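S.K.: Test case, fold it:
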Amino acid sequence: MENSSNFHVQLAETTEDLVAIQRLRYEVFVVEMGANTVEIDHEKRLEQDIYDAHCRHLMLLDLDRGPDRSEQLVGVYRVLTQKGADAAGGFYSATEFDLDPLLKSGRNLLELGRSCLRKSYRGGSAMFYLWQGLSTLIVKEDAEILFGSASFKGTNIAAIAQPLSLLYEDYLTTMDLRPKVLPQAYVSLNQLEKSQIERLTALKAMPALIKAYLRLGGGVADGAFIDQNFNTTDVCMVLDIEKMSSRQKLIYFRKLK
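M.R.: Numbers count the residues shown, from 1 in each chain. Here you go, the predicted structure:
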């Protein structure tokens, strides 16, 4: 686990930055997790899709890793505004979830996706820095609701029945903002009886990204989506910034030094 004292967060600025981001995503999503889509460039080792050109890409750099930018890059986050979604033909999450409650809310939406960290940086402070780095962009875009797919590795529902069931019991987002998995792909989160849920076991099995949403007061949409192309089981997380506590806003939305 790495806990650098020299983290720096910024938006991608050049084509080279985007290539470095897509290469890191390849190492995580393709090499580690087994993703395989027609848009992936295996020869150049780039995980890419049509949404990349319409997104802003947040980069977490560890400046202690030397002068090379691609080597400094240890974490990424992809951000899609409503304007970007209009240009792309819709939000990425709409390929898995019915987003009507969000789209009809009249609130300013910001979709977060393709989040990943180098393996040695997981479990430390890196995800916290990524979320802090998002704060400037969130404020600039005057975003009111953050949402996006978050993934469990693998497609075996039985293996993740504990965390899915805990999400169902305790963390469903409010009905007025609750997307739902597309009908043809719907898998219920409610896999276990309430008495069968072991809370500590369930929380330990939650990916860091999902736990980050929950800590901030976020909730989950209705249902899970099995993504065979990425070898993941996806849930849609929703965070209403207005409902965050003042303490949470102070921690995550303060300006990075």
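S.K.: mind checking the SS state of L112?
M.R.: strand (DSSP: H, G, I helix; E, B strand; the rest coil).
S.K.: Give the burial count for it, as a bare number.
M.R.: 28 (other C-beta atoms under 10 Å). (Each C-beta comes from the backbone N, C-alpha and C, glycine too.)
S.K.: Show me what it bridges to in the sheet.
M.R.: Beta-bridge partners recorded for L112 (DSSP bridges): V79.
S.K.: That one contacts Y77, doesn't it?
M.R.: Yes. The pair L112 and Y77 qualifies as a contact (C-beta atoms under 8 Å) at a distance of 6.2 Å.
S.K.: Now for these two: what residues contact both?
M.R.: Common contacts of L112 and Y77, defined by C-beta atoms under 8 Å, 6 or more residues apart in numbering, comprise L134.
S.K.: quick one: G123 from E71, how far?
M.R.: 21 Å (C-beta to C-beta, to the nearest Å).
S.K.: same deal with R215?
M.R.: In terms of C-beta to C-beta, R215 sits 30 Å off from E71.
S.K.: Spatially central, which residue of the chain would that be?
M.R.: Closest to where the C-alpha atoms of the chain average out (C-alpha atoms, centre = their mean) is G113, at 4.2 Å.
S.K.: In terms of pLDDT, where does that residue sit?
M.R.: pLDDT for G113: 94.
S.K.: list the contacts for it?
M.R.: Y51, Y77, R78, L80, Y92, S93, G148, S149.
S.K.: Compare these and tell me which is most surrounded.
M.R.: Among these, Y77 has more neighbours than the rest - 27 neighbours, counting by other C-beta under 10 Å.
S.K.: In contact with that residue, which residues?
M.R.: H57, L58, L60, L112, G113, R114, S115, L130, G133, L134.
S.K.: at 6 Å instead, please
M.R.: Contact partners of Y77, counting by C-beta atoms under 6 Å, 6 or more residues apart in numbering, are L58, S115, L130.
S.K.: between those residues, which is nearest T201?
M.R.: Closest approach to T201 among the contacts of Y77 (C-beta to C-beta): S115, at 23.9 Å.
S.K.: Now for that closest one: which residues touch it?
M.R.: The neighbours of S115, taking C-beta under 6 Å, 6+ apart as the test, are Y77, L209.
S.K.: Give the next helix or strand downstream of the one helix or strand it maps to.
M.R.: Per DSSP states H and E, S115 falls inside strand 109-117. Counting by DSSP H and E, the next helix or strand C-terminal to strand 109-117 is helix 126-140.
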